[in-house]
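# Sharing a model that was predicted from the sequence below.
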Amino acid sequence: MTTPVDAVLAVEGSEGGGAALDQVFGMSVAAAVVSVALLWIGWRHRTRQITWLTSLGEWAGRRLNRPPWAALPVFLFVSTIICALFGFLWDVSLHVGKGRDAGPLANPAHYFILVGLFLLFIAGMLSIFLPYDKPGRAAIRITRTWHAPVGGILLAGSGLYALIGFPLDDIWHRIFGQDVTLWGPTHLMLIGGAGMSLIGVLLLEREGRAAMGDDAPADGRGMWMTRCLAFGGLLIGLSVFQIEYDFGIEQFRLVLQPMMIAGAAAFALIAARITLGRGAALIAAVFAAVIRGVVALVVGPGLGAPINVFALYLGPAVVIELLALTPLIRKPVWFGVVGGLGIATAGLYLESLWIDAVYHYPWPVGMWAEALAMAIPVAIGMGVCGALLGIILTGERLPRPKWATVAVAVTVLVIGGAVANGLRTTVPENASATITLSPAPSVDGETRATAVVAITPKDLVSDDPEWVTMLAWQGGLDKSRGLIIDPLEKIGPGLYRSTRSVPTSGSWKTLLRVQDGTTMTAVPVYLPADPGIGAEEVPAEPRMTRDFVREITILQRERTFDYPSWLYGAASLVVGVCSLLLITAMAWGAARINRNDATPVRSTSERPKVGPRP
């Protein structure tokens, strides 16, 4: 039996099995130097040996009308999260267009991600270092005279959680090979930590506002827009799990996409509307679209990488703004319930118009029943959680704190169940595809061909599948941006033809993909020899009949399955438990802030008006 050590040794030194040790050592040294420098600055500030950090915090405080320990981290966080987002999208596009890296330091996008995540961690640590006095009633005691804001600790914890994902990712690759998918467990740590940090910074901003007391001057329109920007960032943070769908190389069923859109919209937009008042949900969605659009333009047309699109969220935002015109806005929890339902129905319908217009794979009619069965409970749960966050951020006391804990736990379980259902896939037995290739004009010196595909049995694919497509990717950024997606045209029972030529040479990986309900399968058309992982070429023949196989064995060709069956599940469980701990910490921190800083629930007529000044 192969042991975990054998599995590691089998891939060590392989191009698909982890970074070179000199790069691992270099990254570790750099991380240690940054950490020591940060602690040194923090110690000198706490012992009052330096004053420049205090001056910088006071400068930020004057501009944001918040205490220095809240204002300076918020200032730093804005540039931090944009840097990390740019690096992340660029990194994904490089993997889509070029394939795996020669190492973590050989990928320029990784530097932006690392800098962004380090600055995220530093932003949280600054809020812990800066206050000499207790920063609000909810602050956590560190030493006899040192207290730290809850939001700062959560922010630093999110950054640390994401940073830990880098070394764990290398260990993961050494054991399991390179899982070239966004949804690899350690990859989810990286993006999950960054996404959750948005909640931490919103809570930190709330603590800063509460610490100023009732005599603090009212926020102007500029601060209101800044807070809307924070909710736009939260919307982006919750949307990064959809990135594979945005590039058109999703390795999981299409039915998961509407659920993810509905859940992200319900949480962020409902929280924004309850916290900031009229127009906030719409402005947050616009901010998110503008930021994603600018980054997509820089990464795609600017850097010559594959083009990515993104969910627009304007339809769900309009639904929330219209619903807020009703008396239901006075009952935030019920607003969250009904708002989640509205987003998962009318909001998703409006979003589908955008999806159909710009995405590679529109949502087929036959998918809607299952999509709604997943999206509605997820959106309702996330809507309730968004409403609870909104109540906390407005400074109102939660009406039933124990029920809030139950709501968060139930939502996590609902999301887990929906994801588990979306991950169900089947591979048909005794099914094959006969592919006839016709030569087409070469492009960039590489051979191209058009295809006619005959699927056996003929009724394997329904009349309304999610996709029957040719995918060619990782061909090199200088060659059609390294990505070609060709939805096939149906010309008869089980018979399809391509609408454009696909590569059959070079470094391209070309395959036939089918997704219809739970059926998710593929046939290799052309795969290059890959000595780095010991893989032989799969040639493109003029006429070939090949069996349908698990799609993951082609898309994640670098993965190794030479390990005990329990090891992958155990490793994934560890990552899952860490993620649940982060969610639990966020819920605990929000509850602590609400318990210590919130005012008792007042009648509707007594509640202060929120939103931008007229």
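Yep, it's here.
# Strands of the stretch 401-550 of the chain, residue ranges please.
432-443, 446-456, 467-473, 483-487, 489-492, 495-497, 502-503, 509-516, 519-526, 543-547, 549-550 (DSSP state E, counting those that start in this stretch).
# Check those for me and report the most buried one.
With neighbours taken as mean count of other Cβ atoms under 10 Å, these reach their highest mean count in strand 502-503, at a mean of 26. All C-beta atoms are positioned from the backbone trio N, CA, C, and that covers glycine.
# That one packs against which elements?
Under the contact definition 3 or more Cβ pairs under 8 Å, 6 or more residues apart in numbering; DSSP states H and E, strand 502-503 sits against strand 446-456, strand 467-473, strand 483-487.
# now those strands in a markdown table, with distance to Gly116 and mean pLDDT?
Shown next, in a markdown table, are the helices and strands packed on strand 502-503 (distance: least, Cβ to Cβ, whole Å; pLDDT from 0 to 100):
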| stretch | distance to Gly116 | mean pLDDT |
| --- | --- | --- |
| strand 446-456 | 36 | 96 |
| strand 467-473 | 26 | 96 |
| strand 483-487 | 25 | 96 |
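# follow-up on the earlier one: of all the strands of the stretch 401-550 of the chain, which one comes closest to Gly248?
Closest approach to Gly248 among the strands of the stretch 401-550 of the chain (Cβ to Cβ): strand 483-487, 4.9 Å.
# For this protein, give me the ranges with low pLDDT.
1-24, 103-105, 599-614 (pLDDT under 70).
# From the centroid of it, which residue is nearest?
With distances taken as Cα atoms, centre = their mean, Val240 lies nearest the centre of the chain, 2.4 Å away.
# So that residue sits against Leu188, correct?
No: contact between Val240 and Leu188 fails when scored by Cβ atoms under 8 Å: they sit 9.8 Å apart.
# sorry, back to before: of the strands of the stretch 401-550 of the chain, which is nearest Ile164?
Closest among those, using Cβ to Cβ: strand 467-473, at 29.5 Å.
# okay if I get the helices and strands packed on strand 502-503 as CSV plus distance to Tyr161?
Shown next, in CSV, are the helices and strands packed on strand 502-503 (distance: least, Cβ to Cβ, whole Å):
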stretch, distance to Tyr161
strand 446-456, 42
strand 467-473, 30
strand 483-487, 31
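# Between the ones you listed, which one is closest to Leu388.
Per Cβ to Cβ, nearest to Leu388 of the helices and strands packed on strand 502-503: strand 467-473, 37.7 Å.
# Of all the helices and strands packed on strand 502-503, which one is nearest Val298?
So among the helices and strands packed on strand 502-503, strand 483-487 is nearest, using Cβ to Cβ, at 17.2 Å.
# helices or strands up against the longest helix along the chain?
The residue-count maximum for a helix in the chain (DSSP state H) belongs to helix 565-597. Packing partners of helix 565-597 (3+ Cβ pairs under 8 Å, 6+ apart): helix 150-176, helix 185-211, helix 368-394, helix 401-422.
# rerun that using 6 Å as the cut-off
helix 150-176, helix 185-211 (3 or more Cβ pairs under 6 Å, 6 or more residues apart in numbering; DSSP states H and E).
# buried set for the first one?
Counting neighbours by 16 or more other Cβ atoms under 10 Å, one finds that the buried residues in helix 150-176 are 150-170, 172-176.
# how much does it deviate in direction from helix 565-597?
180 degrees (axes from the mean of the first three to the mean of the last three Cα atoms, to 10 degrees).
# Give me the packing partners of helix 150-176, helices and strands only.
Counting by 3+ Cβ pairs under 6 Å, 6+ apart, helix 150-176 packs on helix 4-11, helix 108-129, helix 185-211, helix 565-597.
# Off-centre distance for that helix?
14 Å (Cα atoms, centre = their mean, to the nearest Å).
# Ok, the last one next?
Computed by Cα atoms, centre = their mean, the chain-centroid distance of helix 185-211 equals 13 Å.
# Taking helix 150-176 as reference, get the angle to whichever helix or strand comes after that helix.
Later in the chain than helix 185-211, the nearest helix or strand by DSSP states H and E is helix 221-239. Angle of helix 221-239 versus helix 150-176, following the same axes, to 10 degrees, is 20 degrees.
# So which residues make contact with the helix or strand following helix 221-239?
Later in the chain than helix 221-239, the nearest helix or strand by DSSP H and E is helix 243-247. By Cβ atoms under 6 Å, 6 or more residues apart in numbering, the residues outside helix 243-247 that reach it are Val92, Val96, Leu182, Glu250, Gln257, Pro306, Asn308, Val309, Phe310.
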